[in-house]
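A.B. asks: Got a predicted model here, sequence first, then my questions.
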Amino acid sequence: MSNIDKIKDVQRGLWQILRRKVSFVTLASLIAASGVLGLRSLGGLQVLELRTFDKMLTLRAMESADPRIVIVGITDRDLDQYLNNSAISDQTMVALIRKIKAHQPRVIGLDFYRSATDKRSHESLEDIFANTPNLIGIEKVIGDNQGHAIPGHPILKARDQTAASDIVVDADGRIRRGIFFPAATGPNVVESLGLRLALDYLAGEPHNITPVPKASVLTLGQVEFPPIDSHTGGYVNVDAQGYQLLLNLRQQTKPFEVVSLTEVLLGEIPPDLMRDRIVLIGSMALSNGDIFYTAHKRSKQNLPIQFGVELHGEIASQIISTTLDGRPLLYAWPQWLESLLIIGIAVSGGHIAQRATKLWQRLSVVPGISLLWVGGSYAVLGLTGLWLPVVPVVLGLWIAAGLTGAHRTTQLQVLSTNDKLTGLANRRTFDDSLQQMWFKALRTQQPLTLILADVDHFKKYNDTYGHPQGDECLRRVAQAIRTSVRVKDGLCARYGGEEFVVLLPNTSETEGIAIANAIRTKLIDYALPHSASETADHVTMSLGITSFIPSIEIPPSALVDMADLGLYTAKKSGRNRVEMHQPDTLNKLM
């Protein structure tokens, strides 16, 4: 017995042990879950997961508008009809800020770049910047596609009244993340505009809520704002640099009170509309480029878009509402926990699908579990903000159920053709194959060889070791036969009880004897103990063989009869041997 054969035997033995200890359903479910996790890790599910996440967000119940934030939006109508200009001048900006200051807002956010000023109104704009301590301007920290950052106004910068206007966009062009710090370390640590407005607003609350110093994550009061990482939720290797959170947009047709520049300058707003609130000034003109796609119910011109000034307001609102009102943050479990969840549901779903025996059960169990998971994930997201994996869980469940169903169908087919105990072909399959191979050999005039084998003293083995061990012995015998027969289209079958048969097409007498001896030797190598045997102290077998070219006058059953005579001779000659039986003339078989 070669080393290669020994290695193969060990591998087959380990596989048989694994299959007995772990069910096929569990193995199939683990394979399905592993495939899904592999696909997910390569980013193959990212778009589907993100779009599913968007859909669940937009289907949440409507929220009330945030009364703490007012947006002054410069619209196309303001530019075309009131200003008669495509841009807002410094002089108009000065007038607007003065009007807003008169309403006594708690903090003002200016979402316009003003690093360069109009010479004619330069002194006036610098004056109002210098004398408005609650005004926060913007600068661009990360930079544009060419890598150029945009500095804030020098006066606001010197007075620490600038914040970052940077917005992070996902690969599909949608906004799902809010940035708190474009760079969380280094010399240029600047808050985002939304965060800065929220911090200034909370500092004006009765309890003077400020960030907890030296905390590992941003903490306001008792509320922590942990950042996302590159694999949060459905993201795969996303750029999570700086300090980012999932953006919890208010699902509201009008999340904030919005007034136009014209209404403010003409004094057409209620006198207390802006008092003690956050007032954001920014562009809301569709002709302007400050437009982003979001997962939001509200749409403009049938597109799910929001202006940059609204996104800054969303971030500020999210921070304030979470801190003061307990509004949940959006978050996800660690990647390892999500992986365990995907594996667990795939395995559980596979076993449930396996137990579905009736047709209506098989048709409804997997869709039912899928709908239950999707609905449960949606409810959990709405109530707690937890983003559970939906697409990989459902995909793993369906693949596991599909493998389980395919296995069940295969099992039914195998049970009709194979012996359940040994896995070899059963008697019915052998009888059908004998007819087919006989007539094929008759047409081609090629020899047909048959080996009939019987385990020596098997009844005594059963009496000594018990029937369970006897079954195991028959499985090892079948393994010895299966691994020794390498003839193309050869058939190994359990003939009945402890008898086995091997049908070998296009195989000569010499080749057949060599295969029969290989089977006998393989079984001896297994060294299965048999203390009650009268032949040896281990399990042995006797084999009879016959080989000839079929003739039209000879029935196929003659092949079995001749091999049986060889087996009879082997037993009479002391067992544990191979005996060939050939008739003296083919006429004796007719």
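C.D. replies: Thanks, I have the structure now.

A.B. asks: What residues sit buried inside stretch 232-246?
C.D. replies: For stretch 232-246, burial by neighbour count (16 or more other CB atoms under 10 Å) applies to 232-236, 238, 240-246. All C-beta atoms are positioned from the backbone trio N, CA, C, and that covers glycine.

A.B. asks: ugh, wrong one, I meant stretch 349-368
C.D. replies: 349, 350, 352, 353, 354, 356, 365, 366.

A.B. asks: other SSEs contacting the helix or strand where the second one lies?
C.D. replies: With elements delineated by DSSP states H and E, residue 350 resides in helix 335-355, which encompasses its position. Judged by 3 or more CB pairs under 8 Å, 6 or more residues apart in numbering; DSSP states H and E, the packing partners of helix 335-355 are helix 24-41, helix 359-384, helix 391-417.

A.B. asks: can you list those in CSV and add mean pLDDT and distance to residue 59?
C.D. replies: Shown next, in CSV, are the helices and strands packed on helix 335-355 (pLDDT from 0 to 100; distance: least, CB to CB, whole Å):
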stretch, mean pLDDT, distance to residue 59
helix 24-41, 90, 23
helix 359-384, 89, 7
helix 391-417, 83, 16
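
A.B. asks: Okay, strands next: where are they in the stretch 451-590 of the chain?
C.D. replies: For the stretch 451-590 of the chain, strands defined by DSSP state E, counting those that start in this stretch occupy the ranges 491-496, 499-505, 541-548, 578-580.

A.B. asks: Quick one: closest of these to residue 287.
C.D. replies: Closest to residue 287 of these, according to CB to CB: strand 491-496, at 79.4 Å.

A.B. asks: closest one to residue 67 among the helices and strands packed on helix 335-355?
C.D. replies: helix 359-384 (22.1 Å).

A.B. asks: about what we covered before: closest to residue 503 among the buried residues of stretch 232-246?
C.D. replies: residue 236 (53.9 Å).

A.B. asks: tally of neighbours for the nearest residue to that closest one once chain neighbours are set aside?
C.D. replies: Closest residue in space to residue 236, ignoring its immediate chain neighbours: residue 43 at 4.2 Å, by CB to CB, 6 or more residues apart in numbering. When neighbours are counted by other CB atoms under 10 Å, residue 43 registers 15.

A.B. asks: The chain should start at 23 in everything you say after this.
C.D. replies: Fine by me, first position is 23 from now on; the one you just mentioned is residue 65.

A.B. asks: is it true that residue 65 touches residue 259?
C.D. replies: Yes: under the criterion of CB atoms under 8 Å, residue 65 makes contact with residue 259 at 7.1 Å.

A.B. asks: quick one: the residue nearest the centre of the chain from residue 353, how far?
C.D. replies: Geometric centre of the chain, nearest residue: residue 414, 3.3 Å, by CA atoms, centre = their mean. From residue 414 across to residue 353, the span is 18 Å (CB to CB, to the nearest Å).

A.B. asks: before we move on, what about residue 310?
C.D. replies: In terms of CB to CB, residue 310 sits 33 Å off from residue 353.

A.B. asks: Nearest residue to residue 395 in space, please, no chain neighbours.
C.D. replies: Closest to residue 395 by CB to CB, 6+ apart is residue 415, at 5.8 Å.

A.B. asks: ok so residue 224 is a helix residue?
C.D. replies: Yes: using DSSP: H, G, I helix; E, B strand; the rest coil, the assignment for residue 224 is a helix.

A.B. asks: Tell me who's in contact with the closest residue in space to it that isn't next to it in sequence.
C.D. replies: Nearest residue to residue 224 in three dimensions, chain neighbours excluded: residue 231, at 4.0 Å (CB to CB, 6+ apart). Counting by CB atoms under 8 Å, 6 or more residues apart in numbering, residue 231 touches 224, 225, 242, 243, 345.

A.B. asks: residue contacts, the last one?
C.D. replies: Taking CB under 8 Å, 6+ apart as the criterion, residue 345 is in contact with 220, 224, 231, 242, 243, 245.

A.B. asks: Contacts for the helix or strand encompassing the first one, please.
C.D. replies: Going back to what we said before, that points to residue 220. Element membership of residue 220 [criterion: DSSP H and E] is helix 215-225. Helix 215-225 is contacted from outside by 90, 128-129, 131, 133, 156, 158, 160, 185-187, 200, 202-203, 213, 231-233, 242, 300, 302, 333-342, 345-346, using CB under 8 Å, 6+ apart.

A.B. asks: neighbours around residue 78, how many?
C.D. replies: 20.

A.B. asks: Quick one: name whatever helix or strand follows the strand or helix carrying it.
C.D. replies: Assigned by DSSP H and E, residue 78 falls within helix 68-80. Toward the C-terminal end, the helix or strand that comes next after helix 68-80 (DSSP H and E) is strand 91-96.

A.B. asks: how close does residue 563 get to residue 327?
C.D. replies: Distance of residue 563 to residue 327, computed by CB to CB: 80 Å.

A.B. asks: Those two: who's more crowded?
C.D. replies: Using other CB under 10 Å as the criterion, residue 563 and residue 327 rank with residue 563 on top: 27 against 17.

A.B. asks: State the pLDDT value of that one.
C.D. replies: Per-residue pLDDT puts residue 563 at 96.
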